[in-house]
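Asks: 3D, please:
(4 chains)
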There are 4 protein chains.
Amino acid sequence: MMTQLGARVWVVPGGRIPFGAASPEPEYTSFDQLCVLNATDAAADLTVDFYYEDSDPVGPYRLVVGARRIRHVRVNDLIDPEAVRLDRPYGCVLRSPVPVVVQFLRQDTRRPGMVALAGAMAYPAE
Amino acid sequence: MMTQLGARVWVVPGGRIPFGAASPEPEYTSFDQLCVLNATDAAADLTVDFYYEDSDPVGPYRLVVGARRIRHVRVNDLIDPEAVRLDRPYGCVLRSPVPVVVQFLRQDTRRPGMVALAGAMAYPAE
Amino acid sequence: MMTQLGARVWVVPGGRIPFGAASPEPEYTSFDQLCVLNATDAAADLTVDFYYEDSDPVGPYRLVVGARRIRHVRVNDLIDPEAVRLDRPYGCVLRSPVPVVVQFLRQDTRRPGMVALAGAMAYPAE
Amino acid sequence: MMTQLGARVWVVPGGRIPFGAASPEPEYTSFDQLCVLNATDAAADLTVDFYYEDSDPVGPYRLVVGARRIRHVRVNDLIDPEAVRLDRPYGCVLRSPVPVVVQFLRQDTRRPGMVALAGAMAYPAE
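Replies: The predicted structure follows:
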């Protein structure tokens, strides 16, 4: 299999973890998710920086994606250097030492008995 | 952090603010949203022009996104030079003096107890 | 305003008009939609060809988008040379003599009281 | 019609077939779907490799898309060399000997009476 697929910098401007879930957790938790595919033969040690409307960027968060592995990370679970607050608009920039591909997904379960989904490929900036 | 990410012109052809909301506002308002990330060290003074099916474009609307900030703007809230009418098909073109990244999101809450989401990265035209 | 934005060939592989609507029409009709923005100073006389799983492509369908106008067309409404059947998987290729930008949107209202949305920017092939 | 549209390698990082369906099958089955459009005059004999979080990639799966045809394949239906398990995060890489265009769609019907959709154009890597 080919080992170089994708880009080294990816951008998601439209993040906001929905606040609350009216269905059973954990499968119906509301979340924003970053999905990374690393087709290379080297582990990818990514950094993620979060941008906000009213304060300086926070980061870097670290995210390791093994060689020839994917990783789906809920933004809700990122806590170091600080948790990303629910219901707060954010954007993020992912940087990887090797080419990867990044997709964004939101699951919104704020209303009882309901699931809403939204997704987009992230923007490959470099 | 790197300061140049993205493009200077972005296009969203498929806008239409859903008319009505059958769940509590403001969190369940129906809206179209433009999400902009500006990773540069300079404030971005964007202009937005709206295109319609049956009349000339309207604009420019102004939208400032601070240095190293994001901004999520509901199209519902754009009122100068004129409000974008609900339920009217539109497209828009965003122009920025510095590179930015733009994502589009729709929240549709017209039906009681329900949320529908749709999103897409805007198209980077230049 | 700038007059050249976008590409001349756009592709949507994943079409399928949902069959049926369990909510009041016309606002809750199930549909697939093609949204075109033409920022140029010339009317765009587009052609659209539909591809299927089990038969030869059908087309061209014609679609005019005025100068500096958008147009949102429900695939349900395309009937010449033949109607696109509901619930039949299709893909389509749009070709324009001038650069345009194309977005795809699906509204699925098959279940009572519910709206589901899915969208994506079309793929700019040329 | 033109015969070369698209790219030869496409990537979807964010796969996960929703587990369970609370509405009548088969039209309301939960699924992930890969939609391929082949506008060329030659049949496309694609290979698909699946990447996981915790094990080596599995593949190649084969997927034939006829000349000037589309094909919408539910990931649920891919069983050779092995079935893609429900509710397991995956990513996939599609490779084609001729240019094609690939779109990703998810239908989530886990909750009674409900449909959620999410879609994105796949990422064209080469």
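
Asks: what residues does chain A put near chain C?
Replies: Taking CB under 8 Å from any CB of the partner chain as the measure of proximity, chain A contacts chain C at residue A:120. From N, CA and C alone the C-beta is placed, and that goes for glycine too.

Asks: quick one, helices of chain A?
Replies: If you assign secondary structure with DSSP state H, chain A ends up with no helices.

Asks: in it, which strand is the longest?
Replies: Longest strand in chain A by number of residues (criterion: DSSP state E): strand A:90-108.

Asks: check the average confidence over it, would you?
Replies: Mean per-residue pLDDT for strand A:90-108: 98.

Asks: give the bridge partners for the closest residue to residue A:74 other than its chain neighbours, please.
Replies: Take residue A:74 and drop its neighbours on the chain: the residue closest to it by CB to CB, 6 or more residues apart in numbering or on different chains is residue A:31, 4.5 Å away. Residue A:31 has these beta-bridge partners by DSSP bridges: residue A:107.

Asks: and residue A:31, how many neighbours?
Replies: For residue A:31, the count of nearby residues is 20 (other CB atoms under 10 Å in any protein chain shown).

Asks: give me the low-pLDDT residue ranges for chain A?
Replies: Low-confidence regions of chain A, defined here as pLDDT under 70, cover residues A:1-3.

Asks: would you map the strands across it?
Replies: Listed from the start of the chain, chain A has strands (DSSP E) covering A:7-15, A:31-38, A:44-52, A:58-65, A:69-74, A:90-108, A:116-121, A:123-124.

Asks: quick check: which of those is nearest to residue B:118?
Replies: Among the strands of chain A, the nearest to residue B:118 by CB to CB is strand A:116-121 (6.2 Å).

Asks: what's the offset of that closest one from the middle of its chain?
Replies: Relative to the mean C-alpha coordinate of its chain, strand A:116-121 is positioned 12 Å out (CA atoms, centre = their mean, to the nearest Å).

Asks: packing partners of that strand?
Replies: Contact analysis of strand A:116-121 by 3 or more CB pairs under 8 Å, 6 or more residues apart in numbering or on different chains; DSSP states H and E lists strand A:90-108, strand B:116-121, strand D:90-108, strand D:116-121 as its packing neighbours.

Asks: from residue D:31, how far out is the residue sitting nearest the centre point of chain A?
Replies: Averaging the C-alpha coordinates of chain A gives a centre point, and the residue nearest to it by CA atoms, centre = their mean is residue A:34 (2.4 Å). Distance, residue A:34 to residue D:31, using CB to CB, to the nearest Å: 23 Å.

Asks: save the helices and strands packed on strand A:116-121 as a markdown table, and put in mean neighbour count too.
Replies: Supplementary listing: the helices and strands packed on strand A:116-121 in a markdown table, determined by neighbours: other CB atoms under 10 Å in any protein chain shown:
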| stretch | mean neighbour count |
| --- | --- |
| strand A:90-108 | 24 |
| strand B:116-121 | 27 |
| strand D:90-108 | 24 |
| strand D:116-121 | 27 |
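
Asks: can I get those strands in a markdown table including distance to residue B:70?
Replies: Converted to a markdown table, the helices and strands packed on strand A:116-121 look like this (distance: least, CB to CB, whole Å):
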| stretch | distance to residue B:70 |
| --- | --- |
| strand A:90-108 | 4 |
| strand B:116-121 | 14 |
| strand D:90-108 | 26 |
| strand D:116-121 | 21 |
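
Asks: picking up where we left off before, quick check: the residue nearest to residue A:74 touching residue A:72?
Replies: No: counting by CB atoms under 8 Å, residue A:31 stays clear of residue A:72, with 10.0 Å between them.

Asks: residue contacts, the residue nearest to the centre of chain A?
Replies: Taking CB atoms under 8 Å, 6 or more residues apart in numbering or on different chains as the contact definition, residue A:34 lies against A:12, A:48, A:63, A:72, A:73, A:75, A:92, A:94, A:102, A:103, A:104, A:122.

Asks: if you set the cut-off to 7 Å instead, what comes out?
Replies: Contacts for residue A:34 were tallied using CB atoms under 7 Å, 6 or more residues apart in numbering or on different chains; they are A:73, A:75, A:94, A:102, A:104.

Asks: what's the burial count for residue A:79?
Replies: For residue A:79, the number of neighbouring residues by other CB under 10 Å comes to 9.

Asks: and what of the one 10 residues further on?
Replies: The number of residues packed around residue A:89, counting by other CB under 10 Å, is 18.

Asks: how close does the residue lying closest to it once chain neighbours are set aside sit to residue D:116?
Replies: Among residues not flanking residue A:89 along the chain, residue B:72 sits closest, at 4.4 Å (CB to CB, 6+ apart). When CB to CB is applied, the distance between residue B:72 and residue D:116 equals 22 Å.

Asks: which bits of chain A sit near chain B?
Replies: Applying CB under 7 Å from any CB of the partner chain, one finds that chain A approaches chain B through A:9, A:11, A:13-14, A:49, A:51-53, A:56-57, A:89-91, A:93, A:106, A:108, A:110-112, A:114, A:116-121, A:123, A:125.

Asks: out of the helices and strands packed on strand A:116-121, which gets nearest to residue B:85?
Replies: Scanning the helices and strands packed on strand A:116-121 with CB to CB as the criterion, the closest one proves to be strand B:116-121, at 19.5 Å.

Asks: residues in contact with that closest one?
Replies: With CB under 7 Å, 6+ apart as the test, strand B:116-121 has contacts from A:14, A:106, A:108, A:116-121, A:123, B:103-108, C:103, C:105, C:115-121.

Asks: what's the answer for stretch A:12-23, then?
Replies: Contacts for stretch A:12-23 (CB under 7 Å, 6+ apart): A:28-32, A:75-76, A:84, A:86-92, A:104, A:108-113, A:122, B:35-37, B:70, B:72, B:101-103, B:105, B:119.

Asks: mind running it again at 6 Å?
Replies: When contacts are taken as CB atoms under 6 Å, 6 or more residues apart in numbering or on different chains, the neighbours of stretch A:12-23 outside the stretch itself are A:28-30, A:32, A:75-76, A:86-87, A:89-92, A:104, A:108-112, A:122, B:35-37, B:70, B:101, B:103, B:105.

Asks: can you tell me which of the strands of chain A is nearest to residue B:5?
Replies: Closest approach to residue B:5 among these (CB to CB): strand A:7-15, 5.8 Å.

Asks: and the closest one with strand A:44-52, angle?
Replies: For strand A:7-15 against strand A:44-52, the angle by axes from the mean of the first three to the mean of the last three CA atoms, to 10 degrees is 30 degrees.

Asks: now strand A:7-15 - C-alpha only, CSV.
Replies: The C-alpha atoms that make up strand A:7-15 are tabulated as CSV, following Å, rounded to 0.1, in the frame of the first residue of the first chain:
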residue,chain,number,x,y,z
ALA,A,7,-1.8,16.9,3.8
ARG,A,8,0.1,18.1,6.9
VAL,A,9,-2.2,20.9,8.1
TRP,A,10,-6.0,20.7,8.4
VAL,A,11,-8.5,23.2,9.5
VAL,A,12,-12.1,23.0,11.0
PRO,A,13,-13.6,26.4,11.6
GLY,A,14,-17.1,25.4,12.7
GLY,A,15,-16.8,23.5,16.0
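
Asks: so what angle separates the directions of it and strand B:69-74?
Replies: For strand A:7-15 against strand B:69-74, the angle by the same axes, to 10 degrees is 50 degrees.

Asks: paired strands for strand A:7-15, with orientation please.
Replies: Sheet pairing for strand A:7-15, assigned by DSSP bridges, gives strand A:90-108 (antiparallel), strand A:123-124 (antiparallel).

Asks: now residue A:76: how far from residue A:44?
Replies: Applying CB to CB, one obtains 22 Å for the distance of residue A:76 from residue A:44.

Asks: and these two? Which one has more around it.
Replies: Neighbours per residue, other CB under 10 Å: of residue A:76 and residue A:44, the larger number sits with residue A:44, 25 against 16.

Asks: Throw the strands of chain A into CSV and include distance to residue C:24, thanks.
Replies: Putting these into CSV (distance: least, CB to CB, whole Å) gives the following:
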stretch, distance to residue C:24
strand A:7-15, 31
strand A:31-38, 33
strand A:44-52, 41
strand A:58-65, 46
strand A:69-74, 37
strand A:90-108, 24
strand A:116-121, 21
strand A:123-124, 38
